[in-house]
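Chemist: What would the 3D arrangement of this be:
(2 chains)
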Amino acid sequence: MLFKGKFDAMVESLTRRTARRLSRRGFLARMGSLFGGAALLPLLPMDRRAHARGYEYREMGWRPQARDPHACDYWRHCSIDGNLCDCCGGGLTDCPPGTTLSPSSWVASCFNPEDGHSYMIAYRDCCGKQRCPRCGCLNTEGELPLYRPEWANDIVWCFGAPDSTYHCTISPIVGRNG
Amino acid sequence: MSLFSNRVIGNGGRGTTAVATVCLATGLALALPQLSMAVEEGDLPEEVFEPVDEEIRMLEAPEPDERRVYVASQDGFGVINRIFPIDGDTGRLLGMIDAGKLADVNLTRAGDTIVVGQTLYSRIATGDRFDFVAIHDPRTLEVRKEIELPDDTRPLNMTMLSMSGLSLDERFYLYHQWTPRMGVGVVDLDRGEYVNFIAARGCHYVYPYGERRFLMKCTDRSLLDVAYDEQGEAVSERRIEEFRPEDTHFFNISAHDRQGGKLFFVSFDGSAFPVDLGDEAQAGEPWDLLTEEERDAGWAPGGWQVAAYHRDSERLFVLMDQRAPWTHKTASRYVYVYDTQSGERVDEIALGRAVDSLALSQDEEPLLFALAGDTAELHIYDANTGRYKDTVDELGAGPLVVLTADF
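Modeler: Modelled structure (predicted):
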């Protein structure tokens, strides 16, 4: 089996440690600074690609909405880099048929403007097919370089999956703040 | 009468043209068997074609020079990819090199060898995984040699120049490994084989320098400096502690001048952290790329390859824009230019478009290469004047990597 062993353990440990750490005061402080005013912002629908990399994103930053999970600005996708499985035959938390779910993940804290809570998202890649060409998004809210891998979205997170090819990404919630 | 007579094709109305087209197709179909035989025999049917002896060639690319530039297309995390060699002077695409997943390109200083780390699978996206290095000729673009890497050791992250590199004498290819442990894989290009793994827990990227040394950037904010021998075995290591300040983060990709021995890390908030790569790496004094007023106004570096260094003029070029927090990977529209000796900003170039990645030619009149991933376009500027020169378009899907040889 590819990649199994120490790296899995390291990633799992990192994820768990991060989740534990961020569930305490540091998480509150971080969320406060990151999302304090976000609920006041208008929730305008935006073109996916333009939002992902374009002028609006650079100028306006992350402005999450809670209506359309197929759009890059859907709140759970705040630090996603890849293709939304929901557009590829899967769902927000479901891998498309014929793919395999990677056991490893990177994490982000995303604010849900609908209920005013912040959630820990553990992004998981669905692997074993070519990249799904639909709904490509690059969001970088709280995203860090590779030397902080638990927060880094440039990695093919197919560690531990039977095949290391990237297909798409799901955005399951693993924790809620408050 | 020739089949291609203007009288038939050009002088008719729409109906006549349609009829002529059908006749042309029918005539060609009828003529094809005869044509095929005639070509084989070197004898065209004169009643159908007037013989034209047009030369057909199999081209080689010209000798690589300082102004040749390469663009690597990643197609997201796609399985099959492409590398495009381009003449920066003319904007002419010189050909194409096939590459597998997350193709990672290195060039020798003279540009006479192209080294491509890549990954392929036996059944498109599944089956056996093959990690290997392909060594290409820059004129024929053909593969000279392939070197297998141990199973599953290439780092599968979005391609970054600093994930691999060549030793200064270009004998060793070093690449960062995530698996099975974190460290550096050492490939002896002369022997054509992977020779060793050097463990480097918690450290990432690899910057070869000096006689037999490389530097890595570590999670604990230190730099790891490793010396290795002719067998690729580590012989010593040291740490430059607390190189990265707390709560400061560096872009993944740094400006690395292997030949001149300079390395510049750029932080998200707009500072440069130099390292002098002499016999033994020494941290230099960081400097601000922006004033406090500019930072307050939202100016910050951003993109993918955000910085490039010109060795002879000792200038650092950095992608810059006004941006919201946490948009550090969003393309920038400006390039700020710094004298790395004084830290002074000496120029600002308005690109007129947003780009992700920068590279420079290393000649006296350098070209600035600015790559836009979304539009798959390479924009070329005069680096001294900022004047726009050319655009090369349709460079695959989502290209993010652009590089030149050192010379």
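
Chemist: ok, and the closest non-adjacent residue to the residue of chain A at minimum distance from chain B?
Modeler: Proximity of chain A to chain B (Cβ to the nearest Cβ) peaks at residue A:61, 2.7 Å away. Quick note: C-beta positions are derived from backbone N, CA and C, even for glycine. Nearest residue to residue A:61, sequence neighbours excluded (Cβ to Cβ, 6 or more residues apart in numbering or on different chains): residue B:324, at 2.7 Å.

Chemist: so the one you found makes contact with residue A:55?
Modeler: No - contact criterion Cβ atoms under 8 Å: residue B:324 and residue A:55 do not qualify, at 11.3 Å.

Chemist: coming back round to it: who's in contact with the residue nearest to residue A:61?
Modeler: A:57, A:58, A:59, A:60, A:61, A:62, B:298 (Cβ atoms under 8 Å, 6 or more residues apart in numbering or on different chains).

Chemist: Now do the same contact list for the second one.
Modeler: If I follow you right, that is residue A:58. For residue A:58, the contacting residues are B:302, B:321, B:322, B:323, B:324, B:327, B:330, B:331, B:354, by Cβ under 8 Å, 6+ apart.

Chemist: Skip the chain neighbours and tell me the closest residue to it.
Modeler: residue B:330 (4.2 Å).

Chemist: One more: the fourth one?
Modeler: Counting by Cβ to Cβ, 6+ apart, residue B:324 is the residue found nearest to residue A:60 once chain neighbours are left out, at 5.9 Å.

Chemist: Phi, psi for that neighbour please.
Modeler: Backbone geometry at residue B:324, expressed as degrees, to the nearest 10, gives phi -80, psi 160.

Chemist: per-residue pLDDT, it?
Modeler: If you check residue B:324, the pLDDT there is 97.

Chemist: So chain A: which segments form each domain?
Modeler: Here the domain parsing of chain A from automatic domain parsing is A:2-43, A:49-176.

Chemist: Of those domains, which stretch is the most buried?
Modeler: Comparing these by mean neighbour count (mean count of other Cβ atoms under 10 Å in any protein chain shown), domain A:49-176 comes out on top with a mean of 21.

Chemist: If you average the pLDDT over stretch B:278-298, what comes out?
Modeler: Regarding stretch B:278-298, the rounded mean pLDDT is 97.

Chemist: Compute the first-to-last residue distance for it.
Modeler: Stretch B:278-298 stretches 36 Å from its first residue to its last (Cα to Cα, to the nearest Å).

Chemist: ok, now stretch B:166-175?
Modeler: Start-to-end span of stretch B:166-175 (Cα to Cα) is 9 Å.

Chemist: Angles on the backbone of the nearest residue to residue A:75 once chain neighbours are set aside, please.
Modeler: Using Cβ to Cβ, 6+ apart and skipping residues adjacent in sequence, the residue nearest residue A:75 is residue A:64, 3.6 Å away. Main-chain dihedrals, residue A:64, degrees, to the nearest 10: phi -70, psi 150.

Chemist: now swap in the one 3 residues further on and tell me
Modeler: The phi and psi torsions at residue A:67 (degrees, to the nearest 10) take the values phi -100, psi -40.

Chemist: And the pLDDT for it?
Modeler: The model's pLDDT for residue A:67 equals 97.

Chemist: Please look at residue B:337 and residue B:344 and confirm they touch.
Modeler: No - the pair residue B:337 / residue B:344 is not scored as a contact, 9.8 Å apart, by Cβ under 8 Å.

Chemist: Which of those two has more residues huddled nearby?
Modeler: Neighbours per residue (other Cβ atoms under 10 Å in any protein chain shown) separate residue B:337 from residue B:344, with residue B:337 holding more: 20 against 10.

Chemist: one step back: just the ones in strands from the contacts of residue A:58, please.
Modeler: The strands, defined by DSSP state E, take in B:321, B:322, B:354 from the contacts of residue A:58.

Chemist: residue contacts, the first one?
Modeler: Right, the one you point to is residue B:321. Counting by Cβ under 8 Å, 6+ apart, residue B:321 makes contact with A:58, B:299, B:300, B:302, B:330, B:331, B:332, B:333, B:334, B:354.

Chemist: Good, we can wrap up now.
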